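**Q** just coords:
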């Protein structure tokens with residue numbers, strides 16, 4: 001027994017330490033009532049990705065409540081080692097990956113979507129390995145580097161080399177070396193994020209329905225090249241056992257009257273500090289902000305950005321790494337894109353108009369600045385009108401029943 005115990009202690013002393021850091025974004029579209037609405041992301045959403053990233057054969061067509069946008073996983077071992085990684089998305093699917101993931105490719109008959117397996121095996125090389133660095137595929141000058149290339153600006157991240165060189169059934173480029181400074185993936189799903197945002201006029205209520213504290217959030221309004229923002233106060237977890245907790249915050253959007261460039265720069269620094277405070281290195285925090293600063297801070301609309309408790313991320317996006325890391329830090333941001341009551345009413349009026357589709361109507365649609373969330377906003381407007389028609393129908397039926405009862 002003593003020999004066995006000493007042998008185990010000896011083996012443990014030679015075990016390699018491994019630390020893993022991950023960041024990513026959950027993007028959600030909410031109507032003014034706080035309901036998280038399925039929204040459409042077309043193939044143009046893939047345009048910013050380099051050609052070496054594997055993509056589903058049928059693209060990103062289809063509706064989903066939550067888009068998991070650009071998670072990247074960084075590795076920090078003590079020395080070169082083999083590693084395997086597996087990730088899944090609750091009530092969702094993995095879509096784009098690099099390096100290519102291995103395993104059985106899935107197909108959803110309801111959505112006609114092909115999903116990648118979300119499994120990788122390979123080896124980690126030090127960030128100073130010139131041969132490995134030379135094998136990382138270049139990003140063509142023809143596309144903007146921010147949506148993908150900014151994640152590479154982390155000097156200390158180790159280089160992952162995948163054992164897999166191609167995936168049958170997916171559009172892959174097998175001639176590209178499967179080498180990168182991280183593991184990249186995306187996905188889409190239909191589970192509700194346990195954080196909700198609703199609007200009444202310019203007032204927004206943010207509710208934390210998870211059991212864990214949300215330390216940081218901002219509310220941002222962008223209109224016609226101007227912007228404004230306010231902080232969302234720290235949100236406690238959902239009350240339990242009759243305890244009281246401040247798990248909701250009410251704020252009012254200020255008028256968007258500041259230069260957009262000024263607000264963007266200001267919020268970039270705010271979020272770099274917030275992400276670093278959650279455990280990312282300064283380089284990782286900067287890489288995440290540089291990846292998303294144009295869409296987070298410059299796209300027209302009303303949005304809430306909050307940190308996501310790691311326990312929520314772990315439940316929605318289970319991650320298994322072998323050998324098990326000594327420490328895993330996962331920092332995700334939830335982006336809630338809001339369809340304000342004003343824009344809901346304008347869209348209902350526009351779609352109910354008897355005027356034929358033409359230049360004038362198209363101009364009115366453009367004035368709403370719905371961008372890539374336009375199809376989801378249309379679903380919000382449809383549900384709003386449907387609910388109104390339903391209430392009117394049942395009110396009329398009730399009126400008829402009352403008339404019979406009264407004998408009139």
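**A** Here it is on my side, so go on. This is a predicted model, so every value here is computed, not measured.
**Q** My read is that residue 132 contacts residue 177, right?
**A** No. Between residue 132 and residue 177 there is no contact under C-beta atoms under 8 Å: 9.1 Å. C-beta here means a position set from N, CA and C on the backbone, and glycine is covered the same way.
**Q** So for these two, which residue has more residues nearby?
**A** Neighbours were tallied for residue 132 and for residue 177 using other C-beta atoms under 10 Å; the higher tally belongs to residue 132 (22 against 15).
**Q** ok, back up a step: what residues do residue 132 and residue 177 have in common as contacts?
**A** Jointly contacting residue 132 and residue 177 under the rule C-beta atoms under 8 Å, 6 or more residues apart in numbering are residue 161.
**Q** how about the lengthiest helix in the chain: buried residues?
**A** Using DSSP state H, we find that the single longest helix of the chain is helix 374-406. Of all the residues in helix 374-406, those buried under the rule 16 or more other C-beta atoms under 10 Å are 374, 375, 376, 377, 378, 379, 380, 381, 384.
**Q** Apart from its chain neighbours, what residue comes closest to the third one?
**A** When you say that, I think you mean residue 376. Among residues not flanking residue 376 along the chain, residue 39 sits closest, at 2.8 Å (C-beta to C-beta, 6 or more residues apart in numbering).
**Q** Number of residues surrounding that neighbour?
**A** There are 25 residues near residue 39, going by other C-beta under 10 Å.
**Q** ok, so what distance separates it from residue 303?
**A** In this structure, residue 39 and residue 303 are 13 Å apart, going by C-beta to C-beta, to the nearest Å.
**Q** how does this structure divide into domains?
**A** 19-340, 342-406 (automatic domain parsing).
**Q** related to what we said a few turns ago, could I get the buried residues of helix 374-406 as CSV with pLDDT?
**A** Formatted as CSV, the buried residues of helix 374-406 follow (pLDDT from 0 to 100):
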residue, pLDDT
374, 81
375, 82
376, 82
377, 81
378, 81
379, 83
380, 84
381, 82
384, 82
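**Q** Which single one of those is nearest to residue 76?
**A** Lowest distance from residue 76 to those (C-beta to C-beta) belongs to residue 376, with 37.9 Å.
**Q** Please report how far that closest one lies from residue 126.
**A** To residue 126, residue 376 is 44 Å away according to C-beta to C-beta.
**Q** ok, the residue nearest to residue 376 - contacts?
**A** 29, 63, 64, 65, 67, 373, 375, 376, 379.
**Q** Does it have any beta-bridge partners, and if so which?
**A** Applying DSSP bridges to residue 39 yields these beta-bridge partners: residue 64.
**Q** What is the end-to-end distance of stretch 30-49?
**A** 26 Å (C-alpha to C-alpha, to the nearest Å).
**Q** Could I get the average pLDDT for it?
**A** Across stretch 30-49, the average pLDDT comes to 77.
**Q** Buried residues, the host helix or strand of residue 274. List them.
**A** Using DSSP states H and E, residue 274 maps to helix 260-277. Within helix 260-277, the residues that count as buried by 16+ other C-beta under 10 Å are 260, 263, 264, 267, 268, 270, 271, 272, 274, 275, 276.
**Q** cool, stretch 285-299 as well?
**A** The neighbour-count check on stretch 285-299 (16+ other C-beta under 10 Å) flags 285-293, 295-299 as buried.
**Q** distance of the nearest residue to residue 77 once chain neighbours are set aside from residue 328?
**A** Once flanking residues are discounted, residue 77 sits nearest to residue 18: 4.7 Å by C-beta to C-beta, 6+ apart. Separation of residue 18 from residue 328 (C-beta to C-beta) stands at 9 Å.
**Q** Residues in contact with both of those two, list them for me.
**A** Here residue 18 and residue 328 share the contacting residues residue 321, scored by C-beta under 8 Å, 6+ apart.
**Q** Same drill for those two, tell me which one is more crowded.
**A** More neighbours surround residue 18 than the other of residue 18 and residue 328, with 20 against 17 (other C-beta under 10 Å).
**Q** Which residue ranges of the chain form helices?
**A** Under DSSP H, the chain gives helices at 2-13, 130-135, 146-149, 260-277, 282-297, 310-316, 341-352, 359-367, 374-406.
**Q** export those helices to CSV and tack on distance to residue 50?
**A** Output for those, formatted as CSV (distance: least, C-beta to C-beta, whole Å):
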stretch, distance to residue 50
helix 2-13, 41
helix 130-135, 15
helix 146-149, 6
helix 260-277, 24
helix 282-297, 14
helix 310-316, 26
helix 341-352, 34
helix 359-367, 30
helix 374-406, 26
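**Q** Out of those helices, which is closest to residue 334?
**A** helix 310-316 (8.8 Å).
**Q** contacting residues around the closest one?
**A** So helix 310-316 is contacted by 26, 89-90, 189, 191, 193-195, 210-212, 329-332 (C-beta under 8 Å, 6+ apart).
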